[in-house]
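Enquirer: predicted model and sequence follow; I will ask about them next.
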Amino acid sequence: MRAWPAVVVVGALLGLGSGARAQRRLTLAPELSVGAGYDDNLFLDPTLTSATAPRGDAIIDVRPSLLAALVAHGHTLALDADYLERITPSNGDLRDLVTRLGWSSPLWRHVRLALAARYEHYEATEFVDNTFDLGGGEASLRLELGRVWLQAAYLGDVRGYSDPSRNGQLDVDQQAAATVGVRLHRTLALEGGYRFLDVGSNEPTAVLRRHRGEIGLLWQPAAWLSASAAYALWYQMLPNGTAPLSPTMPGGPRRDLAHALSVGVDVRVRRWLGLFARYDFIASTSTEASGQYRLDRVVAGVTVGWSFRRERTPPPPPLLPSVNGRDVTFRAQARPGARVAVVGDWNQWQPEPLSSAGGDRFEGTFALPPGRHAWALVIDGAVVTPTQAPGFVDDGFGGRNAIVDVPQGASAAPSGRSIQ
Amino acid sequence: MARTLCIALLLWGGAAWADGAAVDDARLGASAAAVHATLDRAGKAGLPADLLADKVREGLAKGVAPARIAAVVAGLADALGRARAEAQPLVGGAPPPGLLKAIVEAHAAGAGASDVATILRAGGRERAVEVLTDLLQRGYPVGVAARTVAAVAAHKAAALDRVVGEAERLRAVDGASPADALDALARANAQGLGLDHAEQLLRHGGDGSDDAHGPNRETSGVRGPRSGGVAAPGKGKGRP
């Protein structure tokens, strides 16, 4: 039973890779985001600073990222790599690399299953004991019903600290999350959720349980403009307390109540160029001084990126008519030597013969007036509906006509009405 | 002026001859009178008799029984009359024959009068109604299809020819349901994103991953709150 996720992933990859005629899309989207701003509480941690005198500093964020995605038959395999270098003038640098390999697939009509594995490396140059590596996975089920969507997710991570002062600290995070969203308007989406986090650790003071509720609003009135606002409220318990910070901050069991607000705006000036601004606010109250803090951070900057997309389209069915300007080439398959013709509303349903294209294939090219035309084949005197056409329409006589569209404004063939 | 008049007379005469040739075909037998009567009535009512004559020719080419041809042509004349009554108040004048034919085919494919009206009110004409018919015949839900076609016709009529292809692509590649595919196209059209980028709007909200990077605040610090699944500015979402 434990092996079923692996079986599903392998099956999906095989499904994506197989089928030379499958329609699929490969997207590669590199992006570089550079922002500057100010953070009045850089590390948000009394063990690194003093709760009464947090470290504030100017920040410069340099953030390259890469998204690679392969999509076919509704299955998506995506690799996302995101690196942040947060440079500060006097508090060192913060570096964070996150990579995520995810797969999602339709399970049943409106339900999608998503699985992902992720790896993260984090370090702050002035506080090397905070360096950690994290590996984790997540699974989610998503139900989409028109404008409403529901999602349930489970996330599990293992985080290891490499600095000797941490004595091999290993944290295990488990999260269960439920999200509900609704699109209020074509340009406006509202999403809310609940998340429970349990942190277990071989370091007792890192043990934590958190209940968090959040709500977010995204407004995208145009392709070039989007604005978002999110509010979160969480309550957390540290049953074993925190390590003593100082004689005045002895530590001990702790309960925190915190809330956060994040607002931002994105303006896409060009397809490859965007501007963004974001403000984050966090305030935490606690039964202990070590849990009381506040943060204000504002960052604005520019994003440069492009999306390279390659789509593989299967070749058209061999008997499908092709349209080139006003010239339409009709194709048919019949016994060698058969009398094959095309009839339609442009020729008053009078047969126009197709020529032999070798063996059992026949074809003929005709200049048609712009517009939609109903047509059929005539094989050895009998009118038959073609098997391959861009579309079909009820003929009113209990059968169907094939349809072909000649674009408005298409130029006429120079050689006259009929081209054989 | 005289030259224009001559050409018009020739065209009218040619059409009349062609229509006559269709209904005078000996294969119609005893049903010829009924067909004649239908065409006469349609002509007097200002309906496009050439569409009816064309249906006669089609029936004859397919070897359909004359009585059946007469019944189908009479039914088509009625349908064209209803289509004209529907369209005339919305298009500001006599609807062109192509539009009437398109409306009749749309109704045959399952579109209601209100669906066609949605498109006509948005400024959509013959091509837009044809696209609606095409979508319905491919199994797209009628209400969403009509709204999507109307939105594209109102915003960028030149993109109408791509609606069916892009919707089919979203279904084939992204596994979208017919309704979701059309919905994504309508939103992409409304936002000026371009129909070929509609897949960016196919999924609602976040993808379930946690936007917040870095450790938990309790173990070493935090890099800010999650944004509730809504894309945070400058964080790489909504790429071109």
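Expert: Good, I have the coordinates. Owing to the predicted nature of the structure, the values given are computational and were not obtained by experimental measurement. Numbering: from 1, shown residues only, chains lettered A, B, ... in the order given.
Enquirer: so what's the closest residue in space to residue B:136 that isn't next to it in sequence up against?
Expert: Nearest residue to residue B:136, sequence neighbours excluded (C-beta to C-beta, 6 or more residues apart in numbering or on different chains): residue B:109, at 4.1 Å. Yep, even glycine has a C-beta here, placed from its N, CA and C like the rest. Each residue near residue B:109 by C-beta atoms under 8 Å, 6 or more residues apart in numbering or on different chains is listed here: A:393-394, B:132-133, B:136-137.
Enquirer: dump the residues you listed into CSV; add distance to residue A:291 and neighbour count as well.
Expert: Formatted as CSV, these follow (distance: C-beta to C-beta, whole Å; neighbours: other C-beta atoms under 10 Å in any protein chain shown):
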residue, distance to residue A:291, neighbour count
A:393, 70, 19
A:394, 71, 15
B:132, 60, 33
B:133, 64, 28
B:136, 61, 21
B:137, 63, 20
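Enquirer: in these, find the pair that's most separated.
Expert: A:394 and B:132 (14.7 Å; C-beta to C-beta).
Enquirer: what's the first-to-last distance across stretch A:216-236?
Expert: Using C-alpha to C-alpha, to the nearest Å, the end-to-end distance of stretch A:216-236 comes to 21 Å.
Enquirer: could you do stretch B:39-58 as well?
Expert: End to end - C-alpha to C-alpha - stretch B:39-58 spans 15 Å.
Enquirer: list the buried residues of that stretch.
Expert: For stretch B:39-58, a neighbour-count test (16 or more other C-beta atoms under 10 Å in any protein chain shown) marks B:39, B:42-43, B:47-58 as buried.
Enquirer: ok, and which of the residues you listed reach chain A?
Expert: B:54-55, B:57-58 (C-beta under 8 Å from any C-beta of the partner chain).
Enquirer: which ones among the buried residues of stretch B:39-58 map onto helices?
Expert: If you go by DSSP state H, the buried residues of stretch B:39-58 have B:39, B:42-43, B:49-58 in helices.
Enquirer: which pair in these spans the largest distance?
Expert: Farthest-apart pair in these is B:43 and B:58; separation 19.0 Å (C-beta to C-beta).
Enquirer: tally of neighbours for the residue of chain A found nearest chain B?
Expert: Going by C-beta to the nearest C-beta, chain B is nearest to residue A:74 of chain A, at 1.5 Å. Using other C-beta atoms under 10 Å in any protein chain shown, residue A:74 is surrounded by 18 other residues.
Enquirer: again with residue B:85
Expert: So residue B:85, with other C-beta under 10 Å, has 11 neighbours.
Enquirer: assign it to helix, strand or coil.
Expert: Assigned state for residue B:85: helix (three-state reduction, DSSP: H, G, I helix; E, B strand; the rest coil).
Enquirer: how far away is it from chain A?
Expert: 20 Å (C-beta to the nearest C-beta, to the nearest Å).
Enquirer: closest point of chain B to chain A, which residue?
Expert: With C-beta to the nearest C-beta, the shortest gap between chain B and chain A falls at residue B:175, namely 1.5 Å.
Enquirer: that residue and residue A:75 touch, don't they?
Expert: Yes: the pair residue B:175 and residue A:75 passes the contact test of C-beta atoms under 8 Å, sitting 7.1 Å apart.
Enquirer: need the residues touching each of those two.
Expert: Common neighbours of residue B:175 and residue A:75 (C-beta under 8 Å, 6+ apart) are A:105-106.
Enquirer: show me where pLDDT drops low in the stretch 251-400 of chain A?
Expert: A:251-252 (pLDDT under 70).
Enquirer: oh sorry, the question was meant for chain B
Expert: Low-confidence segments of chain B (pLDDT under 70): B:1-23, B:204-240.
Enquirer: can you list the domains in the chain?
Expert: No chain was given, so I picked chain A. A:25-311, A:317-419 (automatic domain parsing).
Enquirer: sorry, should have said chain B
Expert: B:7-95, B:96-202.
Enquirer: most packed of those?
Expert: Of all the domains of chain B, domain B:96-202 has the most neighbours on average by mean count of other C-beta atoms under 10 Å in any protein chain shown, namely a mean of 21.
Enquirer: ok so residue A:358 is a strand residue?
Expert: No: Residue A:358: not assigned to a strand; according to three-state DSSP it is coil.
Enquirer: any idea how far it lies from residue A:332?
Expert: 13 Å (C-beta to C-beta, to the nearest Å).
Enquirer: secondary structure element for residue B:136?
Expert: Per DSSP states H and E: residue B:136 is located in helix B:126-137.
Enquirer: show the subsequent helix or strand relative to that helix.
Expert: helix B:142-155.
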